[in-house]
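A.B. asks: Can you look at this prediction? I've put the sequence above it.
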Amino acid sequence: MYNCDMHESELTLPMQRGLHSIGVVEGISNRVKVELLRPKLAIVAEHIAAGELCILPGKGPYGIFFDGRNLKAVEKVREAKGRRPEQREAVFVPPNRLFDLMDFGRLEQINPDIDRKIIEGLYQANPAGLIVPCIKEKTPRHLITHHNIEGEQVPTILNVWISRYRILSILWKKLAKYPEVLLSGTSANLTGSETSLSCATARSSFGEIIAAAIQDPREAEWAYLFPDSTPILDLTKNPPQVVRKASADPVKYPGRLKTFSDILPELMWDI
């Protein structure tokens with residue numbers, strides 16, 4: 001597992017290809033352990049602000065996190081994963097920070113009924129990734145994807161926020177010391193391979209670029225709070241569309257999680 005008892009000096013060990021790994025795990029019934037991780041998450045924030053990369057347990061797979069404004073950090077991720085040039089990483093910020101980047105004027109033209117309250121509700125109802133129009137001047141160009149909307153190429157971003165995942169919430173608070181950082185991330189898997197759902201497969205996929213700080217991966221299995229990867233909703237479509245059901249799939253996981261349909265009754269699930 002990620003070793004939560006290691007000395008903090010170990011966290012600054014040189015890591016191959018600039019990739020840093022930190023000892024954090026979380027279980028729903030282990031809030032005390034999570035609280036003890038606050039000092040280590042402060043060090044993670046320092047690494048991210050310095051342009052370095054960190055591997056942390058994600059909502060399903062392990063995730064690689066970095067400052068999305070830092071093109072060198074983004075390029076390291078893309079090289080490590082073997083990503084295609086047109087692929088983009090997700091932004092991992094809470095709604096109030098996302099709203100600074102969003103083009104609400106364009107969203108209102110596409111879906112007049114979607115406002116800030118609805119977006120906040122979607123994040124509260126379920127772990128969510130939302131594709132939304134963004135303000136080009138406020139968003140790093142290398143994180144932008146363009147969607148063709150009524151013949152116009154509209155800049156968009158994918159934001160993921162998991163309101164009930166305390167490690168992410170704590171990390172974001174630690175990043176308050178670095179207000180310019182735009183926390184971004186991607187799953188710790190190789191492009192074209194199956195999503196890494198355990199520490200063991202993450203380490204196997206990345207080999208030497210995962211730091212030696214990772215200990216026995218079998219002990220980290222309880223870190224996963226949800227059964228699948230993050231569902232993604234495209235709010236640039238009218239009606240809005242679920243482009244990846246994942247852990248919100250009402251057929252695959254009946255009754256496991258609240259769906260988004262109560263918030264967006266017109267949401268299209270059949271993709």
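C.D. replies: Received, thanks.

A.B. asks: Lowest average confidence across helices and strands of the chain, where is it?
C.D. replies: strand 19-21 (a mean of 48; mean pLDDT, DSSP states H and E).

A.B. asks: residue ranges of the strands in the stretch 1-150 of the chain, please?
C.D. replies: 19-21, 53-57, 62-67, 90-91, 128-133, 145-149 (DSSP state E, counting those that start in this stretch).

A.B. asks: and the last one, what does it pack onto?
C.D. replies: To tie it back to what came earlier, the one meant is strand 145-149. strand 152-161 (3 or more Cβ pairs under 8 Å, 6 or more residues apart in numbering; DSSP states H and E). Just so you know, the C-beta spots here come from the backbone N, C-alpha and C atoms, and that holds for glycine as well.

A.B. asks: List the buried residues of the strand it packs on.
C.D. replies: Judged by neighbour count using 16 or more other Cβ atoms under 10 Å, the buried positions of strand 152-161 are 154, 155, 156, 157, 158, 159, 160, 161.

A.B. asks: what are the ranges of the helices in this protein?
C.D. replies: In order along the chain, the chain carries the following helices (DSSP state H): 31-36, 38-49, 71-81, 95-101, 104-110, 116-125, 166-174, 199-206.

A.B. asks: Mind putting the strands of the stretch 1-150 of the chain into TSV with mean neighbour count?
C.D. replies: Written out in TSV, the entries for those read as follows (neighbours: other Cβ atoms under 10 Å):
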stretch	mean neighbour count
strand 19-21	25
strand 53-57	25
strand 62-67	27
strand 90-91	24
strand 128-133	24
strand 145-149	13
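
A.B. asks: can you redo those as a markdown table with distance to residue 250?
C.D. replies: Supplementary listing: these in a markdown table, determined by distance: least, Cβ to Cβ, whole Å:
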| stretch | distance to residue 250 |
| --- | --- |
| strand 19-21 | 35 |
| strand 53-57 | 26 |
| strand 62-67 | 25 |
| strand 90-91 | 23 |
| strand 128-133 | 15 |
| strand 145-149 | 26 |
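
A.B. asks: Which of the ones you listed sits closest to residue 190?
C.D. replies: Of all the strands of the stretch 1-150 of the chain, it is strand 62-67 that lies closest to residue 190, at 11.5 Å by Cβ to Cβ.

A.B. asks: Please could you give me each C-alpha atom of that closest one, formatted as CSV?
C.D. replies: The C-alpha trace of strand 62-67 is given here as CSV (Å, rounded to 0.1, in the frame of the first residue of the first chain):
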residue,chain,number,x,y,z
TYR,A,62,-4.9,5.7,-9.1
GLY,A,63,-4.4,9.2,-10.5
ILE,A,64,-1.6,11.4,-11.6
PHE,A,65,-2.0,15.0,-10.4
PHE,A,66,-0.2,18.1,-11.5
ASP,A,67,-0.5,21.8,-12.2
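
A.B. asks: Quick check: neighbours of it in the sheet, parallel or antiparallel?
C.D. replies: Paired neighbours of strand 62-67 in the sheet (DSSP bridges): strand 53-57 (antiparallel), strand 183-187 (antiparallel).
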